[in-house]
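Engineer: how does the following fold in three dimensions:
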Amino acid sequence: MTAAVSTSPTAHAAASRPAAGTALNLDSLHAWLRPHVPGLPALTGDLRAERLVGGQSNPTWVLRAQGGPPAWVLRAKPGPAAQLLASAHAIEREYKVMHALAGSDVPVPAVRALCEDESVIGAAFYVMDFVPGRVFREAAIPDVSREERAALHDEANRVIAALHRVDWAAAGLEGYGRSDPAYFERMVSRWTRQYRASLQPPDLPPLPSMEALIEWLPAHIPAEARSGETRLIHGDYRIENLLFHPSEPRVLAVLDWELSTLGHPLSDLAYHCLSWHHAPGVLQGFAGLELAALGIPSERAYIERYCERTGRQDLEAGMAHWPFYLACNLFRLSAILLGIGRRVLDGTAAHPKAREIAAQAGPVADLGWRLVQDGHRPS
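Structural biologist: Take a look at the predicted model:
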């Protein structure tokens, strides 16, 4: 089986504690699974479901037969009260992209079935396979050797390069996103709307740096970003969303495709590189740490390796506009964090540290505005 859950065997007991108010209708689910998931081993005994605690958006459960090991993972849309930013919960897209990538150089979970009938468990959902592996919650990857840490980061680099080499049209992803040159205009417009939506009703104050970026970003889109270069992008590519082999520095599955689309690859890479700018802690970066001593490459070395793997010849041009790509992603991340803050106020936030995480919206926007003002160049 392939793996499909953001938890390691050691973290599983803590991560999958059943949470209050998150029970599934297992009788209804079991009845739906039987005819719709052919080829899966027959369930022996009662179906059991354990809610994974820790996700910010789409509720996730581990499924198993009573007394058996984890077998599948179910991801669902949140309940109606949690859908202020409805476009951010498109589990149908997660299912579609993982189905399209099966057998490619991008490791993904094996998806089994999509249910869009909300009467079954109260929300649309899909089911995929589960296999144990390692997920590292911190980008600095503590508790491994320097050599292994270096290999794990290089593997993350290899996989994002493989993703950006995917022939998305041949994979059946025509229409998965728009492929015209206006990707960044749409990106800024979309997250401006999401940001404004999270402020209404006026319980959350506007963020000055977000307001500044709303004005600056559309006026500073690089010409190279309007070239029409279109790749399949993950949208949330970071160490925590990679399931590694239990003992090898090898990615078994890329998880959480909720924000995936067709877009510019340097946007995806820049989001991944935010770890070089976030401090350790809530946002799990490694800014300020002794990277060489840890075996973590510099930001520039990491980008250079990516360019080698993807055949990009425009490294210096890309670096000249790197502050824009970083700022776009920090702008988007701040809007997402503010959306979490909205859910905290509405009482629908699932993560136990949602309030602490949402409080980073302002500092993240401030970082984006500071990078464009300073003209950051990777070193």
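
Engineer: looking at it, residue 111 is touching residue 127, isn't it?
Structural biologist: Yes: counting by CB atoms under 8 Å, residue 111 does reach residue 127; the two are 7.4 Å apart. For every residue, glycine as well, the C-beta is placed using N, CA and C.

Engineer: settle it for me: which of those two has more neighbours?
Structural biologist: Higher neighbour count among residue 111 and residue 127: residue 127, with 27 against 23, using other CB atoms under 10 Å.

Engineer: bridging residues for the more buried one?
Structural biologist: Beta bridges link residue 127 to residue 74, residue 113, judged by DSSP bridges.

Engineer: now do the helix or strand hosting residue 243: which elements does it pack against?
Structural biologist: Residue 243 belongs to strand 242-244 when elements are defined using DSSP states H and E. Secondary-structure packing of strand 242-244 (3 or more CB pairs under 8 Å, 6 or more residues apart in numbering; DSSP states H and E): helix 146-164, strand 251-254.

Engineer: buried residues, that strand. List them.
Structural biologist: Within strand 242-244, the residues scored as buried using 16 or more other CB atoms under 10 Å are 242-244.

Engineer: so which of those residues comes closest to residue 34?
Structural biologist: Set against residue 34, the nearest of the buried residues of strand 242-244 by CB to CB is residue 243 (27.7 Å).

Engineer: wait, the closest one sits on residue 133?
Structural biologist: Yes: if you go by CB under 8 Å, residue 243 and residue 133 touch, sitting 4.2 Å apart.

Engineer: pLDDT weak spots in this structure?
Structural biologist: Residues of the chain meeting the criterion pLDDT under 70: 1-22, 39-45, 54-57, 79-89, 350.

Engineer: can I see the domain layout of it?
Structural biologist: 9-129, 146-374 (automatic domain parsing).

Engineer: buried set for stretch 149-169?
Structural biologist: Buried residues in stretch 149-169, counting neighbours by 16+ other CB under 10 Å, are found at 149-153, 155-166, 168.

Engineer: redo the helices and strands packed on strand 242-244 as TSV? Include distance to residue 262.
Structural biologist: Formatted as TSV, the helices and strands packed on strand 242-244 follow (distance: least, CB to CB, whole Å):
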stretch	distance to residue 262
helix 146-164	11
strand 251-254	16
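
Engineer: and those: which comes nearest residue 373?
Structural biologist: Among the helices and strands packed on strand 242-244, helix 146-164 sits nearest to residue 373 (CB to CB), with 27.9 Å.

Engineer: where's the closest one relative to the chain centroid, distance-wise?
Structural biologist: 16 Å (CA atoms, centre = their mean, to the nearest Å).

Engineer: for the remainder of this discussion, apply numbering that starts at 502.
Structural biologist: Taking 502 as the first residue, the last one we looked at is helix 647-665.

Engineer: keeping just the C-alphas, turn it into PDB.
Structural biologist: Taking C-alpha atoms only, helix 647-665 is exported to PDB below (Å, rounded to 0.1, in the frame of the first residue of the first chain):
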ATOM      1  CA  ARG A 647      23.500  16.100   9.700                       C
ATOM      2  CA  GLU A 648      24.100  13.800   6.700                       C
ATOM      3  CA  GLU A 649      20.500  12.500   6.800                       C
ATOM      4  CA  ARG A 650      19.100  16.000   7.100                       C
ATOM      5  CA  ALA A 651      21.100  17.100   4.000                       C
ATOM      6  CA  ALA A 652      19.700  14.100   2.100                       C
ATOM      7  CA  LEU A 653      16.100  14.700   3.200                       C
ATOM      8  CA  HIS A 654      16.300  18.300   2.000                       C
ATOM      9  CA  ASP A 655      17.900  17.200  -1.300                       C
ATOM     10  CA  GLU A 656      15.100  14.700  -1.800                       C
ATOM     11  CA  ALA A 657      12.500  17.500  -1.200                       C
ATOM     12  CA  ASN A 658      14.300  19.500  -3.900                       C
ATOM     13  CA  ARG A 659      14.200  16.500  -6.300                       C
ATOM     14  CA  VAL A 660      10.500  16.000  -5.900                       C
ATOM     15  CA  ILE A 661       9.500  19.600  -6.400                       C
ATOM     16  CA  ALA A 662      11.600  19.600  -9.500                       C
ATOM     17  CA  ALA A 663       9.900  16.400 -10.700                       C
ATOM     18  CA  LEU A 664       6.500  18.000 -10.100                       C
ATOM     19  CA  HIS A 665       7.400  21.000 -12.200                       C
END
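
Engineer: quick one: contacts of the helix or strand following that helix?
Structural biologist: Per DSSP H and E, helix 647-665 leads on to helix 684-699 as the next helix or strand towards the C-terminus. Contact partners of helix 684-699, identified using CB atoms under 8 Å, 6 or more residues apart in numbering, comprise 585-586, 588-589, 679, 705, 711, 715, 718-719, 722, 726-727, 731, 764-765, 768, 829, 832-833, 835-837, 839-840, 842-843.

Engineer: great, nothing more from me.
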